[in-house]
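Enquirer: Fold the following, please.
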Amino acid sequence: MKAKFAEKEGRELGHVHGNGLLDVAVGRLIASALLAEGRVRPHHIFPDSKWVSFQIESEADVPFALQLVKIADKAGGKWGPTINFPISQNNKNILTHDKH
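Expert: Now for the predicted structure:
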């Protein structure tokens, strides 16, 4: 069972499986950065893609899960190398995108 998020321009942002596994399409560059930091794990079906998986285990995980959905919303699959994205847990900003 999965609950699909609202689509944007015909594209799925992500979904949550019944076991609390969140799958989101954050884009390849951000996926690589998040994976390198260990914040998420590779998508369980498409490990080398713009998709990542994050296990929601408690209420403490919800803020980061929502942050991932916001990233997916802004990503749109269009981001290139000009990304300024704060992924550190200590950073309070959600997302900044350089518009060069």
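Enquirer: Now residue 15: which helix or strand?
Expert: strand 14-17 (DSSP states H and E).
Enquirer: mind listing what that strand pairs with, with the direction of each?
Expert: strand 2-4 (antiparallel), strand 21-25 (antiparallel) (DSSP bridges).
Enquirer: wait, what's in contact with residue 68?
Expert: 14, 22, 24, 26, 40, 52, 54 (Cβ atoms under 8 Å, 6 or more residues apart in numbering). Quick note: C-beta positions are derived from backbone N, CA and C, even for glycine.
Enquirer: for the chain, longest helix please?
Expert: helix 62-75 (DSSP state H).
Enquirer: what angle do that one and strand 21-25 make?
Expert: 20 degrees (axes from the mean of the first three to the mean of the last three Cα atoms, to 10 degrees).
Enquirer: List the buried residues in helix 62-75.
Expert: For helix 62-75, the neighbour count (16 or more other Cβ atoms under 10 Å) marks 65, 67, 68, 69, 71, 72, 73, 74, 75 as buried.
Enquirer: same thing with stretch 42-61?
Expert: Applying 16+ other Cβ under 10 Å to stretch 42-61 flags 43, 50, 51, 52, 53, 54, 56 as buried.
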